[in-house]
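**Q** below is the sequence, then the predicted model.
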Amino acid sequence: METLYTIPVNMAFEECADSQENCCPFCRLYAELEDTELEYILGASMMEPDVRVKTNEQGFCPQHFSMMLGRKNRLPFALMMESHLMEIDRHSSRMGFVDKELPALEKSCYVCGRIEQKFPKMLETAAILWDRDPEFRKKLAAQHMLCLPHYRMLLTAGKGIVGKKKYAAFKEDVDAVFRPYFESLMADTSWFCKKFDYRYDAEPWGTAKDAPERVVKFLCGDLHTVAKKK
C-alpha cells in the first residue's frame, strides 16, 4: 500500500533506525511536517487570499512565531503581521473582544492547526503499515526509542486500526521498542544522581551524563529540532 503518508512514515522509521542518535520516529515526522508548514507559510502561500484570511484570524503560537523569525524571511513575516495586526485592530472595538476574542486568539495558531490535521494520520498510517506490511514490523523493531507522548498516541491509534484480535500483538511490538529505552533511561537517571555522591566520584559516568536532557525529550518529545539534524 502506498498513500500520501506511507512514504514519509517509512522514511522516518528507516532514518531513525540507521541514526547513531536516540530519536523517536514520530518526533522526526512531526518536525518534518512542521518544517514543511513553516516553509509553506513563509513562501508563495503567504500571498494566497484564503491563507491570509486564516493567518489574520488565527495568528501563531509563541513557538511558531519564534521559529518563523529564525528563518530570516523577514518581509513575508512582516507582511503577515501587518494584516494580522489590522485584523486585531478591526475587532478591538467589539463587545467581548477582551473577554472572549483575545483569550481565543492567545490559544490559536495556524501552523499548529495544520499539523493537528495531518499528524494523527501519520500515526494511523504506522498502525496500518504494522497491520498490512511485514517489512514495517521489522522497521518498528529496529527503532531505538519512542518518546512517551508518541508511545501513547501510537497505541491509541492502533486500537482503532488493528482490531481487538491483533491489538495485543501490536502493543507487544510497540512495548518491545518502548520498554528497553525507558528502563535504560531510568537506570541512567539514577546513576546520574548517584554520581553526585562522593562515594561514586571515581566511578565512570557511562551513558548517564546527558540523562536529564534525554529525560525531557522522552517525556515531552523532541518536536522542534529533529528536522534540523538531517
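**A** Great, that's in hand.
**Q** now residue 224: phi and psi?
**A** Note on residue 224: backbone dihedrals following degrees, to the nearest 10 are phi -110, psi 10.
**Q** how much space separates it from residue 107?
**A** For residue 224, the distance to residue 107 (C-beta to C-beta, to the nearest Å) stands at 18 Å. Glycine gets a C-beta too; all of them are placed from N, C-alpha and C.
**Q** show me which of these two is the more surrounded one.
**A** Using other C-beta atoms under 10 Å as the criterion, residue 224 and residue 107 rank with residue 224 on top: 16 against 10.
**Q** so the more buried one makes contact with residue 34?
**A** Yes - Residue 224 lies in contact with residue 34 (C-beta atoms under 8 Å); the separation is 6.8 Å.
**Q** common neighbours of these two, please.
**A** The contact sets of residue 224 and residue 34 overlap at residue 67 (C-beta atoms under 8 Å, 6 or more residues apart in numbering).
**Q** extract the residue ranges of this protein that are flagged as low pLDDT.
**A** Within the chain, the ranges that satisfy pLDDT under 70 run 1-3, 226-230.
**Q** what about the longest helix in it?
**A** In the chain, assigned by DSSP state H, the helix with the most residues is helix 164-194.
**Q** pull out the buried positions in that one.
**A** Across helix 164-194, burial judged by 16 or more other C-beta atoms under 10 Å covers 167, 170-171, 174, 177-178, 181-182, 184-185, 188-189, 191-192.
**Q** perfect, that will be all.
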